[in-house]
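Novice: Whatever this is, show me its structure:
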Amino acid sequence: MTVDTLIPETDGAMKKAVEYTLHEFSSIRTGKASPALVENIDIHVQSYGSNMKLKQLAVISSPDPRMLLVSPFDPSTVQDIERGLKESKLGINPSVDGKAIRLPIPELSEERRKDLVKMVKQMAEEGRVRVRSARKSGMDGIKSLKGGSEITEDDQRDMEKEIQNLTDKFVKEIDEHVDNKEKEIMTV
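Specialist: Numbers count the residues shown, from 1 in each chain. Have a look, this model is predicted:
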């Protein structure tokens with residue numbers, strides 16, 4: 001790392017941590033049927049001999065607010081997809097309807113909503129850990145630049161302050177997304 005690239009690289013790593021956390025949030029259902037709920041589930045396809053994401057195997061649509069329709073590209077993968085959906089931790093029972101699979105999205109109970117909020121908070125904490133890890137890498141980079149006499153102590157202090165401000169900004173952003181997702185989940 002150089003003096004010119006350290007801050008932008010740290011900023012980029014923190015942005016990726018926030019984006020990943022938001023992507024994780026999209027897998028938490030809020031009572032409405034959304035293709036994002038199932039599109040990243042890993043499905044083991046025996047005929048292909050490998051694991052694939054559901055979105056690579058089928059078209060996922062939402063014909064109404066309480067239903068997802070999974071239409072496989074290859075009809076021979078219907079059983080593998082059904083098994084993968086049953087084994088996922090979504091708690092949704094798929095029903096095979098000819099060459100497609102229907103996923104009825106049940107109404108969320110109060111207890112289930114609270115469990116989902118806990119999951120969101122856990123995912124958020126993992127996101128904060130990623131942001132703090134990027135902060136640590138940035139701070140280590142500053143120390144190595146100082147050790148190599150590439151920056152002065154004043155520059156070191158200024159750069160450390162800038163990285164800490166970035167950390168605070170991205171942690172606050174994650175917290176705001178958690179609050180929004182919690183409201184979304186708890187709204188009946």
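Novice: tell me which helix or strand of the chain sits lowest on mean pLDDT?
Specialist: Ranked by mean pLDDT, DSSP states H and E, the weakest helix or strand in the chain is strand 42-45, scoring a mean of 83.
Novice: which neighbours does the helix or strand just after that strand have in its sheet, and in what orientation?
Specialist: With elements assigned by DSSP states H and E, the helix or strand that comes after strand 42-45 is strand 50-53. When sheet partners are counted by DSSP bridges, strand 50-53 sits next to strand 42-45 (antiparallel).
Novice: C-alpha coordinates for the strand it pairs with, CSV please?
Specialist: C-alpha atoms of strand 42-45 as CSV (Å, rounded to 0.1, in the frame of the first residue of the first chain):
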residue,chain,number,x,y,z
ASP,A,42,-27.3,-23.6,-2.9
ILE,A,43,-28.9,-26.6,-4.6
HIS,A,44,-27.0,-29.9,-5.2
VAL,A,45,-27.9,-31.1,-8.6
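Novice: List the buried residues in the lengthiest helix in the chain.
Specialist: For the chain, the longest helix by residue count, based on DSSP state H, is helix 110-147. For helix 110-147, burial by neighbour count (16 or more other CB atoms under 10 Å) applies to 113, 116-117, 119-120, 123-124, 127-128, 130-131, 134-135, 137-139, 141-142, 145-146. Bear in mind the C-beta positions are built from the backbone N, C-alpha and C, glycine included.
Novice: Check the average confidence over it, would you?
Specialist: What helix 110-147 shows for mean pLDDT is 91.
Novice: and if you look at stretch 162-172?
Specialist: Here stretch 162-172 scores 95 as its mean pLDDT.
Novice: In CSV, list the C-alpha atoms belonging to it.
Specialist: Provided in CSV are the C-alpha atoms of stretch 162-172 (Å, rounded to 0.1, in the frame of the first residue of the first chain):
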residue,chain,number,x,y,z
GLU,A,162,-9.8,9.7,8.6
ILE,A,163,-10.0,5.9,8.8
GLN,A,164,-11.8,6.1,12.2
ASN,A,165,-14.3,8.6,10.6
LEU,A,166,-14.9,6.1,7.7
THR,A,167,-15.4,3.3,10.2
ASP,A,168,-17.9,5.4,12.2
LYS,A,169,-19.8,6.4,9.0
PHE,A,170,-20.1,2.8,7.7
VAL,A,171,-21.1,1.3,11.1
LYS,A,172,-23.8,4.0,11.4
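Novice: what's next to that stretch, contact-wise?
Specialist: 7, 10-11, 14-15, 17-18, 128, 131-132, 134-135, 138-139, 142 (CB atoms under 8 Å, 6 or more residues apart in numbering).
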